[in-house]
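Participant: Let's see this in three dimensions:
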Amino acid sequence: MKSARIHEYGDPRVIVVEDIPIPRPGPGEVLVEVAATSFNPTEVAVRAGIFPLPLPRTLGWDVAGTVDGEPVIGWIDGAAAEYAVTTADRLVPAPRAVPLPDAAALPLAGLTAWQMVFEHAEVQAGQRVLVNGAGGGIGGFAVQLAKHAGAHVTATASPRSADAVRRLGADDVVGHGPSGRFDVVLNLVADAEVARLGDVVVSATRSDAPDAHVVTRFDPSQLTALVALVDRGVVALDVSERHGLADLPELHRRAEAGDLRGKVVVAPRQS
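Facilitator: Okay, the predicted model is just below:
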């Protein structure tokens, strides 16, 4: 099977697509036929060795695929391949309202946004919420979930992302360097100075956020709730690009240059 792997840490050239045997599930594991994974910026840090993990390593955390013919999504290791093994408790039924490969955009970014909005910030109806850095995958979900909670959402986004962020429900879209005061700030911009902007400030990146730095965890009940919102049309998947495994080195280069927006889906069987 085809698999996107690293055998050493370094620049994007260390990513290679190679043939390896289809993995065999062990006790308590299932075999996922992968329809797609999605690119997450944190994978750049893994590839570069900032978060050292055992090598060789198949990339990819988000997964959409089938197990015994049933469509599933989840958050696993080694999803950038035609097949992957995991335990069943890392998977939930996939949304039916969107193409299965696109559903790979949901798990990690959606769960991060859910935990920021509902657990750490506890966003309430009528609050004024700033999503700082709304053009990325997490930001798009954060805008939609805060709106679903009944908040008035202001979002920062670059000119290329502004229209997409408006379509996702932001009430106001401004450029970088926001001003004013908000009930809640959800920060997705590294090293941002946001403490002065909100009564409650929650960050998924390095920043001066005083209230919480979110480290995302897998929660199947939350992911199931997100799937239900997708199927109801409450949450849209902002899939900006679709690629094959061979494009991963270029996606890593573009991510380092800040040249990606929304969620990028990577399908192992796409040429």
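
Participant: quick one: secondary structure of the closest residue to residue 230 other than its chain neighbours?
Facilitator: Nearest non-adjacent residue to residue 230, counting by Cβ to Cβ, 6 or more residues apart in numbering: residue 95, 4.2 Å away. To be clear about C-beta, it is placed using only N, CA and C from the backbone, and glycine gets the same treatment. Assigned state for residue 95: coil (three-state reduction, DSSP: H, G, I helix; E, B strand; the rest coil).

Participant: neighbours of residue 95, just the number please.
Facilitator: 23 (other Cβ atoms under 10 Å).

Participant: Run through the residues that contact it.
Facilitator: 73, 103, 106, 227, 230-231 (Cβ atoms under 8 Å, 6 or more residues apart in numbering).

Participant: so how far is stretch 224-236 from its chain's centroid?
Facilitator: 15 Å (Cα atoms, centre = their mean, to the nearest Å).

Participant: actually stretch 2-16, not the one I typed
Facilitator: Distance, centroid of stretch 2-16 to centroid of chain: 21 Å (Cα atoms, centre = their mean).

Participant: about what we covered before: quickly check the contacts of residue 95 for the two that are furthest apart.
Facilitator: Farthest-apart pair in these is 73 and 231; separation 12.2 Å (Cβ to Cβ).

Participant: Could you check which of those two is surrounded by more residues?
Facilitator: Comparing residue 73 with residue 231 by other Cβ under 10 Å, the one with more neighbours is residue 73, at 30 against 15.

Participant: Check for me that that one belongs to a strand.
Facilitator: Yes: when classified by three-state DSSP, residue 73 is found to be part of a strand.

Participant: so it sits right up against residue 108, yeah?
Facilitator: No: Residue 73 is beyond contact range of residue 108, at 10.5 Å (criterion: Cβ atoms under 8 Å).
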